[in-house]
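Q: this is a predicted model, with the sequence first.
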Amino acid sequence: MSSSIETVFIDANNLRFEALACGDGPDLALCLHGFPEHGVSWRHQMPLLAGLGYRVVAPNLRGYGHSSRPVGVVQYTLDKLIADIAGMIDALSARKVILIGHDWGGALAWEFAIQKVRPLHRLIILNAPHPAIFAAQFRKGGQRYRSWYMAFFQIPFMADWLLRTGNAWMIGQIFRRTTTDQAAFPDEVIDSYRKNAVIPGAMTAMINYYRAAWQRPDGAPGISAHNPDLIEIPSLVIWGEKDPVLGVSLLEGLEDYISQLTIKRIPHASHWVQQEAPEEVNAIIESWLAERMLH
């Protein structure tokens, strides 16, 4: 079994997805990144999961990196993003599927599990709120202030230009200014995020996730599930408590939506938890998966 990471391409949902992959087990661990990242954000977790016997795939989502980049806000609506995940799972046929998501990838993973689009064996979420809880807290106002950037992203061309300018200097600053551990983001990692962000059309595509979400008919930005079905698969939520954008209050009431829930908090980590605290995150995932195998 190989734990070396390679780049592959996956044809799914009439698009082509660039992805990092390692391992060759019968079960699939599909890792979904957030904004403004890409598959490399899972570099610390992929060898671990491969060593546990999984085929691990971390795709660059629609619009990111060298994945297909449809033009227009309407191409980044929730239904299309969910269909991408379903298409990749179908293309990567596996005995069982663990869906792992962080930030936007976590939001998509939540919704995928809620809608029961495809059978999932396990669900792992890192610093991404359940959509119903996020919508409720956003309307109350507290989370609205933390999410101010979502409103800024609605300004046509302005956010695209600002984040692209200076070879995507601001993308680097997003990580530098919000991390609790500068060493977690060496220059080569920051450079890879900046390089992907300046690919023609990429920055607009990345921001279009927010623009499409803001235009939801219920008026709540982000992904908002009303009266969502109970998630009945074993679910692990890992949360960096020093997240400046998504407060720990978003964990309150989570047990009402998941029947088999485990929450693990990492006090010293920020939003970028799996990159800042890889050893702790990996230990939590490994232990949790081992415990679930006993039941």
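A: Yep, that arrived. Residues are numbered from 1 along each chain as shown.
Q: distance from stretch 22-41 to the middle of the chain?
A: Taking CA atoms, centre = their mean, to the nearest Å, one finds stretch 22-41 lying 9 Å from the centre of the chain it belongs to.
Q: CA atoms of it as PDB?
A: Output of stretch 22-41 as PDB, limited to C-alpha atoms (Å, rounded to 0.1, in the frame of the first residue of the first chain):
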ATOM      1  CA  CYS A  22      -3.000   8.200  -2.100                       C
ATOM      2  CA  GLY A  23      -3.700   4.700  -0.800                       C
ATOM      3  CA  ASP A  24      -5.500   1.900  -2.500                       C
ATOM      4  CA  GLY A  25      -7.800   0.400   0.000                       C
ATOM      5  CA  PRO A  26     -11.400  -0.800  -0.800                       C
ATOM      6  CA  ASP A  27     -13.000   2.100   1.100                       C
ATOM      7  CA  LEU A  28     -12.900   5.800   0.100                       C
ATOM      8  CA  ALA A  29     -12.100   8.800   2.200                       C
ATOM      9  CA  LEU A  30     -13.100  11.800   0.200                       C
ATOM     10  CA  CYS A  31     -11.700  15.100   1.600                       C
ATOM     11  CA  LEU A  32     -13.300  18.400   0.700                       C
ATOM     12  CA  HIS A  33     -11.300  21.600   1.200                       C
ATOM     13  CA  GLY A  34     -12.500  25.100   2.000                       C
ATOM     14  CA  PHE A  35     -12.000  28.700   0.900                       C
ATOM     15  CA  PRO A  36      -9.400  29.800  -0.200                       C
ATOM     16  CA  GLU A  37      -7.600  26.500  -0.200                       C
ATOM     17  CA  HIS A  38      -7.400  23.300  -2.300                       C
ATOM     18  CA  GLY A  39      -6.600  19.700  -1.900                       C
ATOM     19  CA  VAL A  40      -3.200  20.300  -0.300                       C
ATOM     20  CA  SER A  41      -4.900  21.400   2.900                       C
END
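Q: in it, what counts as buried?
A: 22-23, 25, 27-41 (16 or more other CB atoms under 10 Å). (Each C-beta comes from the backbone N, C-alpha and C, glycine too.)
Q: what does stretch 242-260 give?
A: Buried residues in stretch 242-260, defined by neighbour count with 16+ other CB under 10 Å: Lys242, Asp243, Leu246, Gly247, Leu250, Leu251, Leu254, Tyr257, Ile258.
Q: again with stretch 268-276
A: Neighbour-count burial for stretch 268-276 flags Ala269, Ser270, His271, Trp272, Val273, Gln274, Gln275, Glu276 (criterion: 16+ other CB under 10 Å).
Q: nearest to Leu99 among those residues?
A: Of all those, Gln274 has the smallest distance to Leu99: 14.7 Å, by CB to CB.
Q: A strand includes that closest one, no?
A: No: assignment of Gln274 by DSSP: H, G, I helix; E, B strand; the rest coil gives helix, placing it outside any strand.
Q: so what's the backbone phi/psi at Val237?
A: Main-chain torsions, Val237, degrees, to the nearest 10: phi -120, psi 120.
Q: ranges for the strands of the stretch 51-200 of the chain?
A: Ranges of strands in the stretch 51-200 of the chain, per DSSP state E, counting those that start in this stretch, are 54-59, 97-102, 122-126.
Q: run me through the strand neighbours of the first one, direction for each.
A: Put plainly, it is strand 54-59. Sheet pairing of strand 54-59 (DSSP bridges) gives strand 15-22 (antiparallel), strand 27-32 (parallel).
Q: all set, thanks.
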